[in-house]
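Undergrad: Okay, predicted coordinates and the sequence, questions at the end:
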Amino acid sequence: MISNLEFLQQLTGIIKQRHQMAQGDEEKLDSYVARLFRKGMNKVAQKVGEEAVELVIEAKDNDDELFKNEAADLLFHLMILLEAKGMSLEEIIEVLERRHQ
């Protein structure tokens, strides 16, 4: 079984691969992520905002499973946005670590 960190690293690699595919002329893989990248930065950022609002709505209710699913959606789309901006989750973690000192 892989660790949570290893899973996030694998997912980051898949997102990066989909980004590269979206930039190429070939559409070998028509994944959700590749389609989102093709729509551009505004759409990627908008999707993060939508997921954040959905998470806030679920936070006010008592369904933990829906809340966890919305949190996962937000994290996933944040990872896509970071890739679109040429940044990594590790860079964000470094910012958090600096703030903690």
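TA: Sure thing, it's come through.
Undergrad: Now do the same contact list for the nearest residue to Val33 once chain neighbours are set aside.
TA: Of all residues not flanking Val33 in the chain, Arg18 sits nearest, at 3.9 Å (Cβ to Cβ, 6 or more residues apart in numbering). The C-beta positions use only the backbone N, C-alpha and C, and glycine is treated the same way. Shown in contact with Arg18 (Cβ atoms under 8 Å, 6 or more residues apart in numbering): 29, 31, 33-34, 37.
Undergrad: so of those residues, which ones are in strands?
TA: Among the contacts of Arg18, none falls in strands (DSSP state E).
Undergrad: And these, which is closest to Leu5?
TA: Ranked by distance to Leu5 (Cβ to Cβ), the contacts of Arg18 are led by Val33 at 20.6 Å.
Undergrad: The closest one contacts Ile80, correct?
TA: Yes - if you go by Cβ atoms under 8 Å, Val33 and Ile80 touch, sitting 6.2 Å apart.
Undergrad: Now do the shared contacts for these two.
TA: Ile15.
Undergrad: hang on, the earlier thing: among the contacts of Arg18, which ones are in helices?
TA: 33-34, 37 (DSSP state H).
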